[in-house]
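>>> Whatever this is, show me its structure:
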Amino acid sequence: SGGANESENYLVGHQFEKISIDFKQLEEPRLVQLTNCTYTALAIKYGYGFAKKFGGPDGRDPDWFKIAITGIGHANEITGTIDFFLADFRFDDDALDYIIDKWEYVDLRGLGEVKRLEFEMVSSDAGTPLYFCLDNLKGRIHY
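Numbers count the residues shown, from 1 in each chain. This next block holds a predicted model:
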């Protein structure tokens, strides 16, 4: 395993509080690639210790795990928030339930120009380990 497109460098984030990336000047984020880290994906799939198996014993529990990406603009205003589900078991058809296990592109263009990106992980289960992986953050700087 490794980063997206087999890159050697990528970020593994663990949330105690919101995780943020600050830019030296205004940036217009375009894309990022995200995935679960192995530890979190296995906890969601099988459950252990404080983490429950998503879906519960019969697979019907509507569990979910997401990362909310919030843009913070020049005057510290929120420019927008994008939710990306790293696992989602809320479907009526259990065959649609998923745990992200590969690098996925997330479109960030709706956030506009930002000086900071904040990442916050939220789960329906308080025991879910709050880890994620990030690679290939792409954007545009206006001169």
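
>>> Return the distance of residue 105 relative to residue 80.
Separation of residue 105 from residue 80 (Cβ to Cβ, to the nearest Å): 17 Å. Just so you know, the C-beta spots here come from the backbone N, C-alpha and C atoms, and that holds for glycine as well.

>>> how close does the residue nearest the centre of the chain sit to residue 38?
Centroid-nearest residue in the chain: residue 67, 3.5 Å away (criterion: Cα atoms, centre = their mean). Distance of residue 67 to residue 38, given as Cβ to Cβ: 16 Å.

>>> elements contacting the helix or strand of the chain with the lowest mean pLDDT?
Least confident helix or strand of the chain, by mean pLDDT, DSSP states H and E, is strand 11-14 with a mean of 83. On a contact count with 3 or more Cβ pairs under 8 Å, 6 or more residues apart in numbering; DSSP states H and E, strand 11-14 meets strand 131-141.

>>> quick one: buried residues of the strand it packs on?
By neighbour count with 16 or more other Cβ atoms under 10 Å, strand 131-141 contains the buried residues 131, 132, 133, 134, 135, 137, 139.

>>> Next one: the nearest residue to the fourth one once chain neighbours are set aside from residue 95, what distance?
What sits nearest to residue 134 in space, not counting adjacent residues and going by Cβ to Cβ, 6 or more residues apart in numbering, is residue 11, at 4.3 Å. Distance of residue 11 to residue 95, computed by Cβ to Cβ: 32 Å.

>>> One more: residue 64?
16 Å.

>>> Residue 30 against residue 141, yeah?
No. Look at residue 30 against residue 141 with Cβ atoms under 8 Å: they stay out of range, at 11.2 Å.

>>> in this structure, which spans are helices?
Read by DSSP state H, the chain holds these helices, from start to end of the chain: 38-46.

>>> Longest strand in it, please.
strand 19-35 (DSSP state E).

>>> Who are the contact partners of residue 99?
By Cβ atoms under 8 Å, 6 or more residues apart in numbering, residue 99 lies in contact with 36, 41, 44, 45, 54, 86, 87.

>>> can you rerun that using 6 Å?
Listed by Cβ atoms under 6 Å, 6 or more residues apart in numbering, the contact set of residue 99 reads 41, 44, 45, 87.
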